[in-house]
Structures are given as structure tokens and as C-alpha cells.
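Visitor: give me the fold of what follows.
(one chain, ligands or ions: 3)
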Amino acid sequence: MRAIYLIGFMGAGKTTVSQELARRLNVAVYDTDEEIVKRTGMSINEIFAAEGEEKFRHYEAEVLRSLPSTNAVIATGGGIVGRTGNRLFLKGKRNVVYLHAELESILARLKEDNSRPLLKQDKMKTAKALYESRLPLYRETTEFEIDTSVKTVQQIVDDIIQCMKK
Ligand SMILES: Nc1ncnc2c1ncn2[C@@H]1O[C@H](COP(=O)(O)OP(=O)(O)O)[C@@H](O)[C@H]1O
Ligand SMILES: O=C(O)C1=C[C@@H](OP(=O)(O)O)[C@@H](O)[C@H](O)C1
Ligand SMILES: [Mg+2]
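Guide: Ligands and ions are numbered 1, 2, ... in the order given. Down below sits the predicted model:
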């Protein structure tokens, strides 16, 4: 099967859903963030602090292209759609699912989580602007959209499997 790529804002559930989806389909699972951490030996927070966001985006674009494009589920980071080249790459892959979540659900899910440099307490004011600026980018990258705000992981996985049959 062609790899399934999950895109969407931070906290939409890409990482969590990718694991369950891969288990159900019996294929490998990858996460671009996890690959970056493995390859650099640094946490995402450390990369942003020591090398800056642009360098992180460089690693992210490289990792995206290096992962297997068959028999896999690939969770991406929420900012992957920022680069035009990444959006074109993903459009070419076709099996891309946008996991949408309302900002309120996202903030509730991530309020105790400090692992995302772009969503720390002092960045809450800019979170809404970032969220709104990215929505059209997710939507132009794929026609498959699932609202995860009030769904369980199992329901989301069922929805993705249905989507992919179309
Ligand atoms: N469908 C869901 N319902 C409730 N909480 C969820 C759901 N999916 C993920 N979460 C929780 O939200 C947080 C962020 O999930 P994660 O998979 O890391 O999102 P992403 O990779 O899109 O940033 C985690 O604490 C996770 O347990
Ligand atoms: O939206 C973003 O710019 C980011 C999302 C994060 O991944 P998740 O979407 O899995 O949280 C991670 O790549 C990094 O903190 C930047
Ligand atoms: Mg993730």
C-alpha cells in the first residue's frame, strides 16, 4: 500500500493516531519529529533553542523525503505545510489525511505539555493566529479531512480507513 501521511495542527492527534492506524493496518509507523530527534540527538525544544526554527524546518523537509513511501503510516509535525515544497511533495503522495481539531480542544489537550516550542504559555496569544494561518495550508494539501475534536482514537482510525477506500 502507499504510505498514509497525517497532517494537522499541534495536538490534533497525528502521533497518537498514527500508531493505532499502523497497528490496525499492520504496517510500519514513523513520526517526522521522532526521526529528527533520533538523527540529531536533540529534543525539539533543544533544536529550536540552539539552532532555530529554520534549521528545524530543514531537518523536517529532509526527513519527510527520506521516509518509506509504501507500507507505512507517517505522522508529520504541524508546521510541515509551511514550506511550499513540502506541500507539493505531499500532494504528489495523494494518501494524505488532514486531522482537524478545534483550537479549544487543542489547547485543552496540550495545556500541561511543554514539548512544543511554538505552543508554550507565553505563545498563547500567537497560537490563534498560527492556527488560522495554517488552516488553508492543510486544506489545500488534501481533500481528506477528519475532525478529531470529539472523537476517540479508534473512531478516527476507522474514519481514515474508510476515507482511504474512496
Ligand atoms: N482523539 C483524541 N481525544 C483526546 N485526546 C487526544 C486525542 N488524540 C490525541 N489526544 C491527546 O492529545 C495530545 C496530543 O496528541 P499528539 O498525538 O501528540 O498530537 P500531534 O502529534 O498532532 O501534536 C496527547 O496528550 C494525546 O494523548
Ligand atoms: O506546528 C509546529 O510548528 C510544530 C509541531 C510539532 O509537532 P506536532 O504537530 O506533532 O505537535 C513539532 O514538529 C514542532 O514542535 C513544531
Ligand atoms: Mg506529533
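Visitor: which parts of the chain sit against ligand 2?
Guide: 10, 14-15, 33, 44, 77-79, 116-118 (CB under 6 Å from any ligand atom). Heads up, the C-betas are built off the backbone N, CA and C, glycines and all.
Visitor: show me those residues that map onto helices.
Guide: In helices, judged by DSSP state H, the following of these are found: 14-15, 33, 44.
Visitor: output the residues you listed in a markdown table; the columns should cover distance to ligand 3.
Guide: A markdown table is the format used below for these (distance: CB to the ion, whole Å):
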| residue | distance to ligand 3 |
| --- | --- |
| 14 | 5 |
| 15 | 3 |
| 33 | 6 |
| 44 | 10 |
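Visitor: list phi and psi for residue 146.
Guide: phi -130, psi 130 (degrees, to the nearest 10).
Visitor: on that earlier part again, tell me the one of the ones in helices among the residues of the chain next to ligand 2 nearest residue 101?
Guide: Distance to residue 101, by CB to CB, is smallest for residue 14 among those, at 10.0 Å.
Visitor: wouldn't the closest one be in contact with residue 99 here?
Guide: Yes - if you go by CB atoms under 8 Å, residue 14 and residue 99 touch, sitting 5.7 Å apart.
Visitor: who touches both of these two?
Guide: 6-8 (CB atoms under 8 Å, 6 or more residues apart in numbering).
Visitor: how about the strands in this protein?
Guide: Secondary structure of the chain, counting by DSSP state E: strands at 4-7, 28-31, 72-75, 96-100, 144-147.
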